[in-house]
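[1] Dropping a prediction and its sequence here:
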Amino acid sequence: AIDMSWLVSGILGGQRGAAPVSPPEVLFARLQDVSNPEERKRTITELKAGSKEPALCGSIGAGMTVLVGVLRAERGDLEVIREVIEIITNITHVPKGREADREYAVCLSNTDLLVRDASQVDTLLALLEESDYYIRFHTTQLLTQLLSNRCHQLQDAILKSPMGVSRLMDLLADKREIVRNEALLLMLELAKGNQEVQKIVAFEGAFEKLLEIIVAEGGSEGGIIAQDCIHLINTLLRSNVSNQNYFRETNCIRLIPPLLEVTNDDMRSLRDNKFSILTLTLELVSLLVSSTTNVSTYNNQTVLTQNNIMNLIIRLALGRMSSATTRTRALYTLGDIISSHTENQAAFFNSNLMNETTRQTQPCLHRLTLVVLQSKDYAERNAALHVFKQYLADNPEGQVALASTITPAPEAGPQMGGELDPTLSIGGILVQALLGWEAMAASSAPLPNASPAESPSISQVPQVPTVPSPAGASSGGRPALPTWFAACMLSCIIHENNNVKDLLLRIPLEMPRPGVGLITLLIRAMRSLIQAQRVGADQTVKIALLRVLCVCMDQSPATVKAFLQTPSNLPFLVDVILQPQQSAHVAGLCALIIGLCFQFNEDDPASEFSKSALHGIIMHRIGVDKFMERLDQLRKTEDFTQAELGTSGRDDDAKNTIYSLRLYDYEFTLFYKDAYDKVQRLIRQPFPKAKPQHRNLIAPTTPVSARTRTPLPR
């Protein structure tokens, strides 16, 4: 039985409101002078009463070495040890939210007096060897409090103690749950931000002990204790390559699958504790496979898939899970598992989901495409796009395979409030989504009275507002989002793969008609861009189409040649750049396309648009200063500078808002800056004069409104 007489006497003594406390200096002098045990106990009791008075905490803290000396000298007297622990706890308790108070500074100062001497910390750690409940529990609480006050200093002191971490780890094996649970909180504080501590804790068997506790607490059905255990595992793994490898090498990964298993009832309605367990476990998996510095990440990805973890996460990510937050978190984790891993990418490509109701199967990649384009939750769309990007990372065969599924788009895009056609191939769905804004715009507002065979002069094109509308906020409600995400996915398919670019020049997007040439993605995207400019569509639509065109033409002379063969393309880009109030994004990307045409145009003097002709257009029609200014303006936009920071952009908890749209990612900023530097160098080189037939583009005095209309490419 636990002796509680000390607590009763303390309460009764406090109620009687006995004699006032003597000055701490007098009490410490008496404590050092007297040898009578009872007198020493009375002195310590009086010090304990004084420690509850904020005004006396500083004076009592000045005697910290005396208090620690009592802990060493009175190890056999548990009652004295208890009271000294309580004194130290009281005078180091920092009041939260009162940082400006004197009491706050005094308690931190008292903490410094204790932890600056490693031998004093070792004395506290030695108390953990006692079996007494109170001493073990409250010493653990005291250490947690000290870590909260002065984490780094106490971590260093514990590392200097020969058995420091071992004593703390023994607390996790305490049969008394209240002691063990307090030890979990202590270990969470101890492991924060110190890789050396994390390594020692891991090699002391922390992973095995924590996983045992999780199982004992009910696994995925466990409560707060199981959650604290997973949280501690994650803390030990975060940014610690050594521990990540050790976790795999000790075969701990095999114990993860039960934590990710869900029933059909869970899919319909997720309880709070199950939601927390799933979230923490998905984070654990991501920590094992998202490191860019761990050469063993590939091995971790392999072992996770071998233990069926990828299939469990696919169900959470792409199944009918009711929690959008869980789906989003699972999608990011799935992307990390398959990123640049050939076998896992192939396994994902071959995976199917079964509808629990209809019992019909659907390819996971097909389901993923629909989530990106149709989900009502923006964060989920972004996460699904992350999976798509990681599936194609270092996967040129996958890029070609998806490009080959591009098929002619239906005559009409998705109607207002309608859905994409799920029976189409992945490529067909992407083309339908990319161009679907046209049908939506047509259904929401009539187009100007102009022949579809004509492209209007720039004077007839509605100007883009000086202050751009929020990304995605187009007149049709949300038609820009499917177009935007389809453009992102197509860009991933095309990115740095000339086989794909050559293939796209041969794939028709419209059924062949007599007298009409092959309508490819390049031609169809450019036609859509011209129409977007003509009807004043939201800038997100234009940026999406321009990004696809940029990726197509990068390092592809064949695509540049095909682009320049349509006479209206180049004049259109020049006119957009010269519009005074044009969006910095749209004008900058138009300038980039001209720069790419100039950079990758095969220098054939007999060509209608030779390199020298393009040089003349940049130097004289646009003006080199204006041209570079347009490129610079895009680089200075907030969207671009934010993307340059290279943050992951993960927004698991982002609100469902179209205003969260990111116009660029880190990879695009690298591509843009590289092209910018090369174009800047190239245009400074001397070129022969342009051929006379391009005077309409070179002459700076030609009025835009007087230019003859050129046919809109079909």
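    Great, that's in hand.
[2] residues in contact with residue 609?
    Residue 609 is in contact with 564, 570, 597, 601, 694, counting by CB atoms under 8 Å, 6 or more residues apart in numbering. Heads up, the C-betas are built off the backbone N, CA and C, glycines and all.
[3] If you drop the residues flanking it in sequence, what lies closest to the third one?
    Closest residue to residue 597 apart from its sequence neighbours, by CB to CB, 6 or more residues apart in numbering: residue 560 at 5.1 Å.
[4] follow-up on the earlier one: name the member of the contacts of residue 609 with the most neighbours.
    The residue in those with the most neighbours, by other CB atoms under 10 Å, is residue 597 (25 neighbours).
[5] helices or strands up against whatever helix or strand that residue lives in?
    Residue 597 belongs to helix 584-600 when assigned by DSSP states H and E. With contacts taken as 3 or more CB pairs under 8 Å, 6 or more residues apart in numbering; DSSP states H and E, helix 584-600 sits against helix 539-553, helix 557-564, helix 569-578, helix 611-616, helix 624-635, helix 666-683.
[6] mind checking how far the fourth one is from the chain centre?
    Centroid separation between helix 611-616 and its chain, computed with CA atoms, centre = their mean, to the nearest Å, is 43 Å.
[7] for the third one, same thing?
    Centroid separation for helix 569-578 versus its chain: 37 Å, with CA atoms, centre = their mean.
[8] other SSEs contacting it?
    Counting contacts by 3+ CB pairs under 8 Å, 6+ apart, helix 569-578 packs against helix 521-535, helix 584-600, helix 624-635, helix 695-698.
[9] sorry, back to before: now do the residue nearest to residue 597, the pLDDT please.
    Listed pLDDT for residue 560 reads 95.
[10] Tell me who's in contact with it.
    Applying CB under 8 Å, 6+ apart, one finds that residue 560 lies in contact with 553, 596, 597, 600, 601, 602.
[11] now with 7 Å?
    By CB atoms under 7 Å, 6 or more residues apart in numbering, the residues touching residue 560 are 553, 596, 597, 600, 601.
[12] would a markdown table of the helices and strands packed on helix 584-600 with distance to residue 406 be doable?
    Formatted as a markdown table, those follow (distance: least, CB to CB, whole Å):
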| stretch | distance to residue 406 |
| --- | --- |
| helix 539-553 | 12 |
| helix 557-564 | 15 |
| helix 569-578 | 21 |
| helix 611-616 | 29 |
| helix 624-635 | 29 |
| helix 666-683 | 22 |
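[13] and among those helices, the most buried is which?
    helix 539-553 (a mean of 26; mean count of other CB atoms under 10 Å).
[14] pLDDT weak spots in this structure?
    Where the chain drops to pLDDT under 70, the residues are 1-21, 97-100, 356-358, 409-419, 443-479, 604-607, 647-660, 687-714.
[15] Residue 663 - how many residues pack around it?
    The tally of other residues near residue 663 (other CB under 10 Å) stands at 21.
[16] how about the nearest residue to it, chain neighbours excluded?
    Excluding its sequence neighbours, the residue lying closest to residue 663 (CB to CB, 6+ apart) is residue 639, at 4.2 Å.
[17] What strand or helix carries that neighbour?
    helix 638-644.
[18] Give me the buried positions along that helix.
    639, 640, 642, 643, 644 (16 or more other CB atoms under 10 Å).
[19] List the contacts of the last one.
    For residue 644, the contact set (CB under 7 Å, 6+ apart) comprises residue 669.
[20] where's it relative to residue 209, distance?
    Counting by CB to CB, to the nearest Å, the gap from residue 644 to residue 209 is 44 Å.
[21] Reformat the helices and strands packed on helix 569-578 into a markdown table and put distance to residue 664 next to each item.
    What follows is these, written out as a markdown table (distance: least, CB to CB, whole Å):
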| stretch | distance to residue 664 |
| --- | --- |
| helix 521-535 | 18 |
| helix 584-600 | 9 |
| helix 624-635 | 9 |
| helix 695-698 | 29 |
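[22] So for residue 505, which of those helices sits nearest?
    Shortest separation from residue 505 across the helices and strands packed on helix 569-578 is recorded for helix 521-535, at 7.0 Å, computed as CB to CB.
[23] what's the angle from that closest one to helix 584-600?
    150 degrees (axes from the mean of the first three to the mean of the last three CA atoms, to 10 degrees).
[24] got the CA positions of helix 521-535 in PDB?
    Provided in PDB are the C-alpha atoms of helix 521-535 (Å, rounded to 0.1, in the frame of the first residue of the first chain):
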ATOM      1  CA  LEU A 521      -2.300  18.800 -78.900                       C
ATOM      2  CA  LEU A 522       0.000  21.600 -79.700                       C
ATOM      3  CA  ILE A 523      -2.400  23.100 -82.300                       C
ATOM      4  CA  ARG A 524      -5.500  22.500 -80.200                       C
ATOM      5  CA  ALA A 525      -3.900  24.100 -77.100                       C
ATOM      6  CA  MET A 526      -2.800  27.100 -79.000                       C
ATOM      7  CA  ARG A 527      -6.300  27.500 -80.600                       C
ATOM      8  CA  SER A 528      -7.800  27.300 -77.100                       C
ATOM      9  CA  LEU A 529      -5.300  29.900 -75.800                       C
ATOM     10  CA  ILE A 530      -6.300  32.300 -78.600                       C
ATOM     11  CA  GLN A 531     -10.000  31.800 -77.800                       C
ATOM     12  CA  ALA A 532      -9.300  32.300 -74.100                       C
ATOM     13  CA  GLN A 533      -7.700  35.700 -74.900                       C
ATOM     14  CA  ARG A 534     -10.500  36.600 -77.200                       C
ATOM     15  CA  VAL A 535     -13.300  36.000 -74.700                       C
END
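[25] Give me the angle between it and helix 569-578.
    Interaxial angle of helix 521-535 relative to helix 569-578 (the same axes, to 10 degrees): 40 degrees.
[26] which other helices and strands contact helix 521-535?
    Judged by 3 or more CB pairs under 7 Å, 6 or more residues apart in numbering; DSSP states H and E, the packing partners of helix 521-535 are helix 426-444, helix 539-553, helix 557-564, helix 569-578.
[27] how about a cut-off of 6 Å?
    Of the remaining helices and strands, those touching helix 521-535 by 3 or more CB pairs under 6 Å, 6 or more residues apart in numbering; DSSP states H and E are helix 539-553.
[28] Check the offset of the helix it packs on from the chain's centre.
    24 Å.
[29] contacting residues around that helix?
    When contacts are defined by CB atoms under 6 Å, 6 or more residues apart in numbering, helix 539-553 is touched by residues 437, 468, 471-472, 480, 483-484, 487, 490-491, 494-495, 522, 525, 528-529, 532, 559-560, 583, 585-586, 589, 592-593, 596, 663.
[30] thinking again about what came up before, contacts for the helix holding residue 597?
    Contact with helix 584-600 is made by 539, 542-543, 546, 549-550, 553-554, 557, 560, 573, 576-577, 614, 627, 630-631, 633-634, 637, 678-679, as judged by CB under 6 Å, 6+ apart.
[31] any idea how far residue 352 is from the residue nearest to residue 597?
    Between residue 560 and residue 352 the distance is 40 Å, computed by CB to CB.
[32] number of nearby residues for the closest residue to residue 545 other than its chain neighbours?
    Distances taken as CB to CB, 6+ apart place residue 529 nearest to residue 545, at 4.4 Å, with adjacent residues excluded. Around residue 529 sit 27 other residues, with neighbours defined as other CB under 10 Å.
[33] With residue 154 instead?
    By other CB under 10 Å, the residues close to residue 154 number 24.
[34] That one sits in which helix or strand?
    helix 151-160.
[35] got it, and residue 353?
    Assigning secondary structure by DSSP H and E places residue 353 in strand 352-354.
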